[in-house]
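**Student:** dropping the sequence and predicted coords here.
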Amino acid sequence: MRMRMKRREILVLGAGAAAAMALPGTAHAAAGLKIVATTGMIADAAARIGGPAVEVRGLMGPGVDPHSYRQTRTDIVAMTKADLVLFHGLYLEAQMEAFFQKLARKGTVVAVGEALPRDLLLGHADYDDKFDPHVWMVPEIWVQVIPVIRDALSDAMPEAVDEFAANADAFVQEVTGLGGYARKVLATVPEQSRVLVTAHDAFNYFGRDYGFEVLGIQGISTESEAGLNRIGELVELLVTRDIGAVFVESSVSDRNIRALIEGAAARGHEVSIGGELFSDAMGETGTYEGTYLGMIDHNMTTITRALGGEAPERGMVGRLAAGA
């Protein structure tokens with residue numbers, strides 16, 4: 001499989017491997033095929049599809065920002081030795097782009113996000129030829145990367161095609177169910193309260209598909225700066241529209257969000273933190289929130305409850321950490 005990405009022109013070849021567990025910086029299970037995945041969301045999907053037949057190493061753990069992440073020497077060694085490298089693409093791993101271009105000429109590299117239909121993608125406000133990469137925020141979109149990973153594994157390990165297909169089908173069902181849960185609970189948020197204020201523009205797909213107005217202090221990339229004018233504009237909006245909750249992100253500093261709250265307070269308007277959302281990274285390894293399902297369950301449940309909707313405190317299947 002080959003895809004063109006203009007400035008991101010990276011050879012995308014079908015072949016691959018995945019793993020039973022996707023812990024950053026670690027490899028698990030003595031398996032025949034070794035895979036390295038950049039983000040936790042990709043590593044989790046690869047692990048679910050590959051099962052015990054393969055091995056995954058995730059590069060970016062909890063709280064890591066993929067926009068600014070640069071490969072370490074250890075990462076380079078792992079990726080050059082891997083049977084398959086899975087990365088997101090859509091310019092998410094911007095600082096690693098040149099490395100992937102070089103690596104693709106020597107080995108098997110798959111940009112899973114690049115396989116998504118272009119009519120599903122949101123354009124990038126600053127670049128005509130790029131797209132918002134945060135597609136995992138909507139399960140109905142993210143589910144479409146599952147066949148991409150499944151096919152890569154099947155090409156690399158034909159004898160496990162049936163196993164990979166069964167695992168992928170099961171994961172599709174779970175992700176689809178998560179999407180149904182999200183729509184159900186988010187629909188209970190009062191229409192006038194459907195305003196999501198976060199640190200950076202990671203939730204635009206969420207806003208488009210679930211009918212929320214999304215306002216980020218920074219742009220799509222956390223590398224962009226939030227000026228005083230932007231913070232002042234958002235403070236005015238919080239006050240005039242009587243918005244009472246804003247959200248911090250696990251992989252982005254809360255400094256700007258705190259500035260918003262303080263600015264609103266100076267105007268006599270109380271704003272609280274509605275919760276911490278997982279934007280570019282999942283939760284702690286070994287927890288439910290450290291899986292894709294748990295990450296999104298947490299986000300949907302937290303947003304719903306903070307903005308006046310109705311959702312179970314422990315989420316879709318009762319597995320969220322207490323008080324999340």
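**Tutor:** Thanks, I have the structure now.
**Student:** and the gap between G232 and I257?
**Tutor:** As judged by Cβ to Cβ, to the nearest Å, G232 and I257 stand 15 Å apart. C-beta coordinates here come from the backbone N, C-alpha and C atoms, glycine included.
**Student:** and the helices in the stretch 101-250 of the chain?
**Tutor:** Using DSSP state H, counting those that start in this stretch, the helices of the stretch 101-250 of the chain run over residues 139-142, 146-156, 161-186, 204-210, 228-240.
**Student:** which one of these lies nearest to Y127?
**Tutor:** helix 204-210 (14.6 Å; Cβ to Cβ).
**Student:** give me the contact list for the closest one.
**Tutor:** 122, 132, 134-135, 137-138, 140-141, 182-183, 186, 196, 212-214, 220, 299 (Cβ atoms under 8 Å, 6 or more residues apart in numbering).
**Student:** now swap in stretch 232-239 and tell me
**Tutor:** Residues from elsewhere that reach stretch 232-239 (Cβ under 8 Å, 6+ apart): V197, L215, I217, I243, V246, L260, G263, A264, R267, H269, V271.
**Student:** ok, 6 Å please
**Tutor:** L260, G263, A264, R267, H269, V271 (Cβ atoms under 6 Å, 6 or more residues apart in numbering).
**Student:** make TSV out of the residues you listed and add neighbour count and distance to A170.
**Tutor:** Formatted as TSV, the contacts of stretch 232-239 follow (neighbours: other Cβ atoms under 10 Å; distance: Cβ to Cβ, whole Å):
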residue	neighbour count	distance to A170
L260	26	42
G263	19	47
A264	21	45
R267	12	51
H269	16	47
V271	22	42
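**Student:** redo the residues you listed as a markdown table? Include distance to I42.
**Tutor:** Compiled in a markdown table, the contacts of stretch 232-239 are given as follows (distance: Cβ to Cβ, whole Å):
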| residue | distance to I42 |
| --- | --- |
| L260 | 32 |
| G263 | 37 |
| A264 | 37 |
| R267 | 42 |
| H269 | 40 |
| V271 | 34 |
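**Student:** in helices, which of the residues you listed fall?
**Tutor:** L260, G263, A264 (DSSP state H).
**Student:** M79: neighbouring residues, count only.
**Tutor:** A total of 23 residues lie near M79 under the criterion other Cβ atoms under 10 Å.
**Student:** tell me the secondary structure for it?
**Tutor:** Using DSSP: H, G, I helix; E, B strand; the rest coil, the structure places M79 in helix.
**Student:** just checking, it touches V36?
**Tutor:** Yes - in this structure, M79 is within contact of V36 by Cβ atoms under 6 Å, at 5.0 Å.
**Student:** G318 is nearest to which of the helices of the stretch 101-250 of the chain?
**Tutor:** Of all these, helix 161-186 sits nearest to G318, with 12.0 Å by Cβ to Cβ.
**Student:** in the closest one, what's buried?
**Tutor:** Neighbour-count burial for helix 161-186 flags 163-165, 167-168, 171-172, 174-175, 178-179, 181-182, 185-186 (criterion: 16 or more other Cβ atoms under 10 Å).
**Student:** any idea which of those is closest to A311?
**Tutor:** V185 (4.0 Å).
**Student:** quick check, pLDDT for the closest one.
**Tutor:** V185 is assigned 98 on the pLDDT scale.
**Student:** from E140, how far out is it?
**Tutor:** 15 Å.
**Student:** cool, and R57?
**Tutor:** According to Cβ to Cβ, R57 stands 28 Å off from E140.
**Student:** same question for Q192.
**Tutor:** From Q192 across to E140, the span is 25 Å (Cβ to Cβ).
**Student:** ok, A46 next?
**Tutor:** Using Cβ to Cβ, one gets 20 Å for the distance from A46 to E140.
**Student:** looking at the two, which one has more neighbours?
**Tutor:** A46 (31 against 16).
**Student:** regarding the more buried one, what is its secondary structure?
**Tutor:** From three-state DSSP, the assignment for A46 is helix.
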